[in-house]
Structures are given as C-alpha cells and as structure tokens.
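Fold the following and give me the result.
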Amino acid sequence: MSELPLSATSDAALQAAPVTKARGYWATVGRRILRDKVSMACALVLILIFVSAILAPWLGLEDPYKGSMIRRLRHIGTTGYPLGTDELGRDMLARLIYGGRLSLVVGILPVILAFGIGTSLGLVAGYVGGKLNTAIMRTVDVFYAFPSVLLAIAISGALGAGILNSIVALTIVFVPQITRVAESVTTGVRNMDFVEAARASGAGPFTIMRVHILGNVLGAIFVYATSLISVSMILAAGLSFLGLGTKPPEPEWGLMLNTLRTAIYVNPWVAALPGAMIFAVSICFNLLSDGLRSAMDIRN
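Purely as a prediction, here's the structure:
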C-alpha cells in the first residue's frame, strides 16, 4: 500500500481541523470588560439605579411631594420610612428614587449632546486642517481659559435657573474638551495608508471622514466622553445646590442637598443621603470608564 504524498496528508489534516471564527475587535473588548469584576459591579449598580428611576411610579412608593410637619426629619429605619424623612416630612426613599430621574438626565444628556457636537467639530478640524482647524481650535481655547465650574455657573446665571438651561450650560462646558480630543486623534489618523488609499480611489472628504476615519477614532472619543459623565453629575448637582438648576419642590439630588443642609446637625445621616447617591453614581461611572479604557487597549 503506497503512502500518501506529504502535501495530500497536509491538505487532509487542514480540512479535518475545526474552523475557528476570528473574534472581532468589539467582541474582544466586550469579552475583556465582562471579565472585569469591578466594571461589572459598577455596571450592575448603575443598572439598578436606572431601572428603579424609570420604574419609580410602579414601585409602590410614597408621594415624593407629600409632606407632613409632624413626621419631619425621621431617622433612618423608621417604620414606614426606611430612609427617614426630609425637613418637610417627605419620604426620602421616594425622593431619592424619583430624584434619580432628573439627576441622571441632567448629568448624562449634556455629555451625549457634547459628544455629538464635539466629535463633529473635532473630526472636521482634524481632517481639513489649515485655517478651519485654526478657527475651531482657537475658539475652543477661549473656553479653556475658564475653569469648568465657573464657566457652568456663569452660563447658567446668564441663562437663568431651570433644567433646560443647566443642560445647555453643561453642554457648552464639555464641547471644547471633546472637540480637542477628537481633533487630536483625527490628526493622527488622517495621513495613514488606508486614508490615502481612499483619497486615491476618488472618495470625497465627507465619505472619508464618515466611513474611514470616524470608525477608527470613535472608540477613543467615546471612552473620554464616558469619563466626563461623573464630572457632569457633580456639576449638575452643584448648579442645583446653588439654585441655578432644578427648582423646588422637584426632587433632585443637588437640590435635596441644599434643602437638607440646615438639618445636618439634627439628622446628619438623612442629610447625607443625596450626597451619597451623587458619589455612588459618579464613582461607578468613573470606574466603568477606566474598565472600558483598559478593555479597549488590546495591545496590552
């Protein structure tokens, strides 16, 4: 019996080998972040807060606006009020959960808006370059001359108190930061071989930016934007604390801190609850952003 040629044996072995599908970049990122216990714990806490805020009307909570001077400043663990009551006798558990709606919207929506505007400006400035780049980036530098807190207070003070004005003010604060990051990463990509090949094939500037460049820079910009959510939450709470954000009697964590500051010597644990919520959400977003950054750095 003649032996099979070596090439035939190799072909048979290759055909018999199991076919393995190459894992894509985002699949690898998802697999790595799922293995990060800290990021998953933070994501679980955030999901719990989001779901409870969305489903607040169906959780059987007390009316967050109904007060009673008889039951004001009840301690944590009081029967019927597991987290006590505020200075007007309103249930703290209900106000914290309902307050998460406004706090999360005012904290996250400005970052989403700034992400869209800043990415567009940075992409155009980084790809086109020249005088357009100079005009956009020098305008951005003007906003960088002011600290974020003072700029947000100044814009909110000029526009007036209110939720919408707070969102506008915070969006203006974050657009320059995201624009600078987007311009930086776009400048590093615009002269790469695949972009030059797209130009040689006759693709227009808009097509190159949308199809070839955006997908390669979006990850870095997104990770940076997620790290700004924790800052946005603190700034939004600060504006409400100063009376430039949400107006009473709406439940909002920053506003609740302001109204409860007079009760800090009477019932400090209840007065600290809104601050604890702001801290928990901010640190969870911060740690989740760090985990996402590590997961996307596949070189390490």
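
What is the distance between the longest helix along the chain and the centre of its chain?
When the chain is parsed with DSSP state H, its longest helix is helix 92-128. How far helix 92-128 lies from its chain's middle: 6 Å, per C-alpha atoms, centre = their mean, to the nearest Å.

That one - what's its average pLDDT?
For helix 92-128, mean pLDDT is 94.

Check which residues of that helix are buried.
The neighbour-count check on helix 92-128 (16 or more other C-beta atoms under 10 Å) flags 92-104, 106-111, 113-115, 117-127 as buried. The C-beta positions use only the backbone N, C-alpha and C, and glycine is treated the same way.

Kindly report the same for stretch 204-212.
Using 16+ other C-beta under 10 Å as the test for burial, stretch 204-212 gives 208-209, 212.

Now tabulate the residues you listed in TSV and tack on secondary structure.
TSV is the format used below for those (DSSP: H, G, I helix; E, B strand; the rest coil):
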residue	secondary structure
I208	helix
M209	helix
H212	helix
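
what's the burial count for I70?
Counted with other C-beta atoms under 10 Å, residues neighbouring I70 total 8.

how about the nearest residue to it once chain neighbours are set aside, secondary structure?
Nearest residue to I70 in three dimensions, chain neighbours excluded: G89, at 6.7 Å (C-beta to C-beta, 6 or more residues apart in numbering). The three-state assignment at G89 reads coil, by three-state DSSP.

Distance check, G89 against F194.
Shown here: G89 relative to F194, a distance of 64 Å by C-beta to C-beta, to the nearest Å.

Kindly report the same for I278.
With distances taken as C-beta to C-beta, I278 is found 44 Å from F194.

who's more crowded, those two?
Relative neighbour count places I278 above the other of I278 and F194, with 23 against 11, counting by other C-beta under 10 Å.

quick one: secondary structure of that one?
I278 - assigned by three-state DSSP - is helix.

Show the low-confidence segments of the stretch 201-300 of the chain, by residue range.
The model of the stretch 201-300 of the chain has pLDDT under 70 over residues 298-300.

Could you pull out the helices in it for me?
Counting by DSSP state H, counting those that start in this stretch, the stretch 201-300 of the chain has these helices, from start to end: 205-207, 214-241, 253-260, 268-296.

Distance to R71 for those - can I get that in TSV?
Below are the helices of the stretch 201-300 of the chain laid out as TSV (distance: least, C-beta to C-beta, whole Å):
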stretch	distance to R71
helix 205-207	62
helix 214-241	25
helix 253-260	15
helix 268-296	12
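
V45: which of those is closest?
If you check each of the helices of the stretch 201-300 of the chain against V45 by C-beta to C-beta, helix 268-296 wins as the nearest, at 5.1 Å.

ok so, going back, of the helices of the stretch 201-300 of the chain, which is nearest T187?
Closest among the helices of the stretch 201-300 of the chain, using C-beta to C-beta: helix 214-241, at 9.7 Å.

list the buried ones in that closest one?
Within helix 214-241, the residues scored as buried using 16+ other C-beta under 10 Å are 214, 217, 219-241.

now do stretch 186-193
By neighbour count with 16+ other C-beta under 10 Å, stretch 186-193 contains the buried residues 186-187, 189-190.

and which of those residues is nearest G84?
Distances from G84 to these, taken by C-beta to C-beta, are shortest for T186, at 51.1 Å.

any idea which helix or strand comes after the strand or helix carrying the closest one?
Element membership for T186, per DSSP states H and E: helix 163-189. Toward the C-terminal end, the helix or strand that comes next after helix 163-189 (DSSP H and E) is helix 193-200.

elements contacting that following helix?
Using 3 or more C-beta pairs under 8 Å, 6 or more residues apart in numbering; DSSP states H and E as the contact criterion, no helix or strand is in contact with helix 193-200.

Buried residues, that helix. List them.
Going by 16+ other C-beta under 10 Å, helix 193-200 has these buried residues: 195, 198.

residues making contact with it?
For helix 193-200, contacts defined as C-beta atoms under 8 Å, 6 or more residues apart in numbering pick out 189, 207-208, 211-213.

Kindly recompute the last result at 6 Å.
Applying C-beta atoms under 6 Å, 6 or more residues apart in numbering, the contact partners of helix 193-200 are 208, 212.

With stretch 170-187 instead?
So stretch 170-187 is contacted by 110-111, 113-115, 117-119, 121-123, 125-127, 140, 143-144, 148, 151-152, 155, 217, 220-221, 224-225, 228, 232, 235 (C-beta under 6 Å, 6+ apart).

next one: stretch 46-65
Identification of contacts with stretch 46-65 by C-beta under 6 Å, 6+ apart yields 91, 94-95, 97-98, 100-101, 249, 251, 284.
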